[in-house]
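Engineer: take this sequence and fold it.
(chains A and B)
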Amino acid sequence: MKITVEYAAQAKEAAEISFETMDISPSSSLQDIAEAACHSRGEKLCAMLLDARGRLYRSILILVNEAQIFHEDALELNEGDRLMFLPPVSGG
Amino acid sequence: MNSHDILTSGQKAIYEWQIAVPGFGESGQKKISHSSALVSRVGGLGGLVAYELAAAGIGKLVLYHAGKVRESDLNRQLLMTRDWVGKPRIESIERRLLELNPDLEISAMGKNISEDNVADAVSQADVVVCAAPLFSERFAMNNEAVRQKKPLVDCAMYELEAQIMSVDPGRSACLRCLYPEDPAGWKRQFPVFGAVSGAIGCIGAMEAIKIIAGLGAPLYGTMLRINMADMTTQRISVRRNKRCTVCGENVLSS
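Structural biologist: As a prediction, this is how the structure comes out:
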């Protein structure tokens, strides 16, 4: 199943792209997708998304299409969905 | 009839164009004129919030911003001027706002929001506008606004991206609902244009005006994201987290 994984703000800088198409299993968890993104984009994105134990930081906001999802939600994705990793953004 | 019930002829002349906005009118202008907003910080983003609120005739601004003007502030912090480099930012902020609106009451503090001062700062305001760079300040304002049940407008930016949402305490998602843990791996300095911070600052000011005047539909439960690279916008539905440590059910009901 193909989905679009989007990287915003500092995740975009770390990934060096703003989105990519990813082929995932329908049963993939959020953690699985974060690890796949990490594998795809390398060390800088890994440091942005995953802690020392490889767990997805809970401070990363996850958007599916136009809605926030909680990390503990069961992930229900369909072909063509867009999932965004959005790290916190601030002012200044 | 007390002074709250009337607009002076001078106020009517200055605010004529916004008084003409349907649903706002003289009653909306009276509300603005007798309301206060906390804005912190007052840099590239908050400076535009404060400037637009001053222009709209808000009664009082409570402003917190530490430090001295640096050259690197000047691409976006429009309340700072080149002749003020090396001098306190808060003095430049106050001077520029009073040039625009000499009727404005300002409580100007040359320090940033902290756990020590946030309760007093929020208590002086009818609405809180969060425009600070550090998450310790942002969470302090969020937490205190929720505790005092004051509406909050949260504005943020990165490069050509900007985002904004408003918080109706106990009714819509707060900042902690979105970010249950403190950010990790976040960098203090980031790339941004002044036009990006200014644009989202102006939208933040409009949110504050809407909330005060009861105009339109504030961004409660909605994060508006703008990508100015291609001028796309997204309205993201954001939800309260029942387990939120700031506004969760167990917290607000205790």
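Engineer: show me the shaky parts of the stretch 151-254 of chain B.
Structural biologist: B:185-186, B:252-254 (pLDDT under 70).
Engineer: just the helices in it please.
Structural biologist: Applying DSSP state H, counting those that start in this stretch to the stretch 151-254 of chain B gives helices spanning B:175-178, B:194-213, B:249-252.
Engineer: buried residues in stretch B:93-110?
Structural biologist: B:93, B:94, B:96, B:97, B:101, B:104, B:106, B:107, B:108, B:109, B:110 (16 or more other Cβ atoms under 10 Å in any protein chain shown). No exception for glycine: its C-beta is placed from N, CA and C like everyone else's.
Engineer: so where's the stretch 1-150 of chain B shaky on pLDDT?
Structural biologist: For the stretch 1-150 of chain B (pLDDT under 70), the answer is B:1-4.
Engineer: which residue ranges form the helices in it?
Structural biologist: Under the criterion DSSP H, counting those that start in this stretch, the stretch 1-150 of chain B carries helices at the ranges B:9-14, B:16-19, B:25-33, B:46-56, B:89-100, B:118-123, B:135-147.
Engineer: most tightly packed of those?
Structural biologist: Stretch with highest mean neighbour count among those: helix B:46-56 (a mean of 26; mean count of other Cβ atoms under 10 Å in any protein chain shown).
Engineer: which other helices and strands does it contact?
Structural biologist: strand B:36-40, strand B:60-64, helix B:89-100, strand B:152-158, helix B:194-213 (3 or more Cβ pairs under 8 Å, 6 or more residues apart in numbering or on different chains; DSSP states H and E).
Engineer: can you list the neighbours in contact with the first one?
Structural biologist: It stands for strand B:36-40. Contact with strand B:36-40 is made by B:46, B:49-50, B:53, B:58-65, B:105, B:112-113, B:121-122, B:124-132, B:137, B:141, B:208, B:212, as judged by Cβ atoms under 8 Å, 6 or more residues apart in numbering or on different chains.
Engineer: show me the contacts for the nearest residue to residue B:251 once chain neighbours are set aside.
Structural biologist: Excluding the flanking residues, the one nearest residue B:251 by Cβ to Cβ, 6 or more residues apart in numbering or on different chains is residue B:245, at 6.6 Å. For residue B:245, the contact set (Cβ under 8 Å, 6+ apart) comprises B:176, B:180, B:251.
Engineer: one step back: residue A:79: which of the helices of the stretch 1-150 of chain B is closest?
Structural biologist: Closest to residue A:79 of the helices of the stretch 1-150 of chain B is helix B:135-147 (Cβ to Cβ; 36.3 Å).
Engineer: next, the angle from that closest one to strand B:60-64.
Structural biologist: Here helix B:135-147 runs at an angle of 140 degrees relative to strand B:60-64 (axes from the mean of the first three to the mean of the last three Cα atoms, to 10 degrees).
Engineer: hmm, helix B:135-147 touching chain A?
Structural biologist: Yes. Where contact is defined by Cβ under 8 Å from any Cβ of the partner chain, part of helix B:135-147 touches chain A, namely B:135, B:138.
Engineer: that helix packs against which elements?
Structural biologist: strand B:36-40, helix B:118-123, strand B:127-130, strand B:152-158, strand B:161-167, helix B:175-178.
Engineer: and if we set it to 6 Å?
Structural biologist: Judged by 3 or more Cβ pairs under 6 Å, 6 or more residues apart in numbering or on different chains; DSSP states H and E, helix B:135-147 is in contact with helix B:118-123, strand B:127-130.
Engineer: nearest to residue A:41, of these?
Structural biologist: Among the helices and strands packed on helix B:135-147, the nearest to residue A:41 by Cβ to Cβ is strand B:127-130 (30.7 Å).
Engineer: so what strands line up beside the closest one?
Structural biologist: Strand B:127-130 has the following sheet partners, assigned by DSSP bridges: strand B:36-40 (parallel), strand B:152-158 (parallel).
Engineer: gap between that strand and the chain center?
Structural biologist: Remark: strand B:127-130 is offset 4 Å from the chain centroid, using Cα atoms, centre = their mean, to the nearest Å.
Engineer: do stretch B:244-253 as well
Structural biologist: Per Cα atoms, centre = their mean, the centroid offset for stretch B:244-253 relative to its chain is 24 Å.
Engineer: one more: stretch B:29-48?
Structural biologist: On Cα atoms, centre = their mean, the centre of stretch B:29-48 falls 6 Å from the chain's centre.
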